[in-house]
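Engineer: Could you work out the structure for the sequence below:
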Amino acid sequence: MSSLYRPGALALFTLVAAASCADETAEPAELGAVCGQQGPVRLLELSPDEPLASVSQVAWVGDRRILRVAYLEPDAEPQFFLPPVKRVELWSVGACGESPQVVAEDAELALFPDAWPEEAFACDAESGAVEIVDLEGDRPANRVFELPGCDALVSERGVVSYTPADPAADHGALALQRFPADPWTETATVEPLLGSVGEWGAGGIVPIGARVTSEELFAITTNDELVRVSLVDGAQELVASAAVAFSASADGRWLLWQDAGVTNGDSDQPEGAVYLLDTADGSETYLDDGRVSAGSLSYIEHGAVVLRRTSETPGERVLMLPDATPVDLPESEQVTRRLEDGRWATWNPITGVHKLYDPTFASVRVLHEGVGEFLIYEHGIEVRENGFPASDESYLRTEAPVIRVPWDGEATPVAHRATPGYRRLADGRVATLVDVGTDWLGQLVVVDPETLEEQQVDDRVIVAALRNYDADDELVYGVYDGERTGVWLASFAD
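Structural biologist: Take a look at the predicted model:
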């Protein structure tokens with residue numbers, strides 16, 4: 001299953017800790033050459049007459065960068081910690097800013113890389129219209145899909161969309177909009193799939209009770225029936241007659257569902273009998289009683305299923321296949337990763353404690369204690385130890401120390417201070433905004449993890465999450481500073 005949009009922002013986790021200090025002035029950073037220049041290069045010139053709310057590169061399409069530029073609504077309140085947005089533009093530029101072109105306004109980027117890897121689309125959230133856009137500006141846009149709320153599940157056959165029965169309804173219909181042969185001249189054909197399913201999930205991206213694989217849709221109807229629908233010919237198969245939740249593996253082989261019968265006497269957080277279906281041979285196995293979540297099959301390739309428990313031992317239960325041997329994690333603890341050597345990393349969102357278990361959960365090592373925003377990377381975790389804001393409006397301005405904790409080894413500090421959305425570069429340095437003011441502008445610095453010294457990359461940089469696309473030795477950022485206003489690129493390559 002894939003979602004309509006490429007991810008652009010980091011999910012952060014709530015925390016508490018101590019403040020830190022840093023040098024008031026920073027030496028210029030040592031930057032790599034980019035676009036024939038040593039130092040930052042402006043990719044896109046913008047007018048200084050309109051303040052910026054955020055700037056990011058959201059994708060590469062072919063040899064073009066797709067930039068998202070949001071403009072500030074000066075008199076409005078922050079929106080979920082973020083600067084209030086007045087309007088949005090999507091720009092297409094060459095690798096070094098060549099031939100800039102506005103491709104859409106007040107729309108968000110949509111990509112369908114499996115079907116059209118060299119094309120970009122823009123979706124209007126208000127109308128649901130999805131248009132293919134020419135990144136060079138030579139051809140007019142063409143409407144390809146109608147996706148209410150710009151929400152969809154993407155398969156190899158097309159996109160599955162949800163349409164509510166009426167604006168206030170908590171149920172609606174699913175339909176397949178097949179990829180047309182030529183998106184520049186054709187519109188997707190719409191084929192009804194299921195007439196009554198639960199409402200689309202909060203925040204879009206995936207619906208409640210629906211998943212797609214490459215060629216199949218799984219969904220729970222309003223009658224609590226779990227059905228499998230072929231996206232090739234529309235054929236339907238009843239999997240379970242009374243299901244309240246399910247999870248499907250990415251390849252569609254494994255299907256896990258929770259029976260509607262309540263086994264723990266708690267109608268608010270009901271547990272039920274959980275069954276695992278292997279679609280390769282049709283075998284169905286009762287595993288345990290518990291709660292199924294969307295991530296219950298995240299580790300099925302490693303022979304494990306994760307259930308949530310609300311009675312006896314509240315938290316997560318890991319079932320080790322093939323005999324479903326249960327391992328109950330301590331209260332509130334959650335699995336966050338399985339390492340290549342078989343060990344398991346966990347996190348407790350209440351206490352903030354990170355642990356590392358051996359492959360059988362027989363022994364444990366505490367990685368970090370104390371609540372903090374964290375990242376998981378290949379060799380361990382990083383924790384920003386103080387991110388609790390004085391107010392919602394100040395969250396993106398909070399500065400806190402960052403520590404790096406390897407799976408094997410001791411924790412070490414890598415930055416005296418960093419703001420939310422900081423970035424870990426390929427060479428191990430930390431890139432972050434500091435000294436962010438009420439105008440949402442600050443200094444962009446990089447921090448040497450060995451000396452903890454800050455070096456300045458640029459100033460009057462608009463606050464933003466710096467981990468926003470796939471390059472790990474570049475930063476694309478926005479500057480609001482008179483004639484310098486625009487989108488800039490800095491390289492940290494050797």
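
Engineer: all strands of the stretch 1-150 of the chain, in order?
Structural biologist: 2-3, 27-28, 33-34, 37-38, 41-45, 52-61, 64-72, 85-94, 101-105, 108-110, 120-123, 129-133, 142-146 (DSSP state E, counting those that start in this stretch).

Engineer: can you tell me which of the ones you listed comes nearest to Val414?
Structural biologist: Closest to Val414 of the strands of the stretch 1-150 of the chain, according to CB to CB: strand 27-28, at 18.2 Å. For the C-beta atoms, the positions are set from N, CA and C on the backbone; glycine is no exception.

Engineer: re the thing from before, CSV for the strands of the stretch 1-150 of the chain, including mean neighbour count?
Structural biologist: Below are these laid out as CSV (neighbours: other CB atoms under 10 Å):
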stretch, mean neighbour count
strand 2-3, 16
strand 27-28, 10
strand 33-34, 16
strand 37-38, 12
strand 41-45, 18
strand 52-61, 22
strand 64-72, 22
strand 85-94, 18
strand 101-105, 18
strand 108-110, 22
strand 120-123, 23
strand 129-133, 22
strand 142-146, 20
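
Engineer: got these as TSV, with distance to Asp481 and mean pLDDT columns?
Structural biologist: TSV is the format used below for these (distance: least, CB to CB, whole Å; pLDDT from 0 to 100):
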stretch	distance to Asp481	mean pLDDT
strand 2-3	35	44
strand 27-28	16	91
strand 33-34	20	92
strand 37-38	18	90
strand 41-45	11	97
strand 52-61	10	93
strand 64-72	14	95
strand 85-94	19	96
strand 101-105	22	96
strand 108-110	26	94
strand 120-123	29	96
strand 129-133	30	97
strand 142-146	38	97
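
Engineer: Save those as CSV, and put in distance to Trp347 too.
Structural biologist: Below are the strands of the stretch 1-150 of the chain laid out as CSV (distance: least, CB to CB, whole Å):
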stretch, distance to Trp347
strand 2-3, 24
strand 27-28, 37
strand 33-34, 37
strand 37-38, 42
strand 41-45, 37
strand 52-61, 27
strand 64-72, 31
strand 85-94, 32
strand 101-105, 38
strand 108-110, 30
strand 120-123, 34
strand 129-133, 37
strand 142-146, 38
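
Engineer: Any idea which of those gets closest to Leu287?
Structural biologist: Of those, nearest to Leu287 by CB to CB is strand 2-3, at 27.2 Å.

Engineer: sorry, back to before: tell me which of the strands of the stretch 1-150 of the chain lies nearest to His379.
Structural biologist: His379 sits nearest to strand 52-61 of all the strands of the stretch 1-150 of the chain, at 26.1 Å, using CB to CB.

Engineer: Pull out the CA atoms of the closest one and give them to me as CSV.
Structural biologist: Only the C-alpha atoms of strand 52-61 are listed here, as CSV (Å, rounded to 0.1, in the frame of the first residue of the first chain):
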residue,chain,number,x,y,z
LEU,A,52,7.2,33.5,4.1
ALA,A,53,5.6,30.8,6.3
SER,A,54,7.6,27.8,5.1
VAL,A,55,9.8,26.6,2.2
SER,A,56,10.8,23.1,1.3
GLN,A,57,11.8,20.8,-1.5
VAL,A,58,9.1,18.2,-1.6
ALA,A,59,10.4,15.9,-4.4
TRP,A,60,12.6,15.4,-7.4
VAL,A,61,10.6,14.6,-10.6
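
Engineer: quick one: it to strand 64-72, angle?
Structural biologist: 160 degrees (axes from the mean of the first three to the mean of the last three CA atoms, to 10 degrees).

Engineer: Pull up the pairing partners for strand 52-61, direction included.
Structural biologist: With DSSP bridges as the test, strand 52-61 is paired with strand 64-72 (antiparallel).

Engineer: now the strand it pairs with and strand 85-94, what's the angle there?
Structural biologist: 160 degrees.

Engineer: give me every residue that touches Val93.
Structural biologist: Leu43, Leu44, Arg64, Arg65, Leu67, Ser99, Pro100, Gln101 (CB atoms under 8 Å, 6 or more residues apart in numbering).

Engineer: again, only using 6 Å
Structural biologist: Leu43, Leu44, Arg65, Pro100 (CB atoms under 6 Å, 6 or more residues apart in numbering).

Engineer: Tabulate the residues you listed in JSON lines, adding columns for distance to Ala76.
Structural biologist: Formatted as JSON lines, these follow (distance: CB to CB, whole Å):
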{"residue": "Leu43", "distance to Ala76": "28"}
{"residue": "Leu44", "distance to Ala76": "25"}
{"residue": "Arg65", "distance to Ala76": "29"}
{"residue": "Pro100", "distance to Ala76": "28"}
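
Engineer: and which of these is nearest Val229?
Structural biologist: Within those, distances to Val229 taken as CB to CB reach their minimum at Arg65, with 38.1 Å.

Engineer: wait, isn't the closest one in contact with Gln57?
Structural biologist: Yes. With contact defined as CB atoms under 6 Å, Arg65 reaches Gln57; the gap is 5.4 Å.

Engineer: For Gly372, which of the strands of the stretch 1-150 of the chain is the nearest?
Structural biologist: strand 52-61 (24.2 Å).

Engineer: Stretch 184-199: how far from the chain's middle?
Structural biologist: How far stretch 184-199 lies from its chain's middle: 25 Å, per CA atoms, centre = their mean, to the nearest Å.

Engineer: Give me the mean pLDDT for that stretch.
Structural biologist: Averaging pLDDT along stretch 184-199 gives 91.

Engineer: what does it rub up against?
Structural biologist: Residues contacting stretch 184-199 (CB under 6 Å, 6+ apart): 142, 144-145, 170-171, 173-178, 180, 208-209, 219, 221-222, 229.

Engineer: Now Glu474, what are its backbone angles?
Structural biologist: phi -140, psi 150 (degrees, to the nearest 10).

Engineer: So what's the predicted local confidence for the residue lying closest to it once chain neighbours are set aside?
Structural biologist: Nearest non-adjacent residue to Glu474, counting by CB to CB, 6 or more residues apart in numbering: Ser491, 5.4 Å away. Looking at Ser491, its pLDDT is 92.

Engineer: In the stretch 351-494 of the chain, where is pLDDT below threshold?
Structural biologist: Residue ranges of the stretch 351-494 of the chain with pLDDT under 70: 386-393, 467-471.

Engineer: okay, now the residue nearest to Glu474: neighbour count?
Structural biologist: When counting by other CB atoms under 10 Å, one arrives at 19 neighbours for Ser491.

Engineer: beta partners for it?
Structural biologist: Gly32, Glu474.

Engineer: In this structure it contacts Gly32, no?
Structural biologist: Yes. When contacts are counted by CB under 6 Å, Ser491 is listed as touching Gly32 (3.9 Å).

Engineer: before we move on, back to that, tell me which of the strands of the stretch 1-150 of the chain sits nearest to His302.
Structural biologist: Among the strands of the stretch 1-150 of the chain, strand 2-3 sits nearest to His302 (CB to CB), with 21.6 Å.

Engineer: got a list of what Arg337 touches?
Structural biologist: Ala345, Ile376.

Engineer: what pLDDT, on average, does the host helix or strand of it get?
Structural biologist: Element membership for Arg337 (DSSP states H and E) is strand 334-338. For strand 334-338, the mean pLDDT works out to 94.
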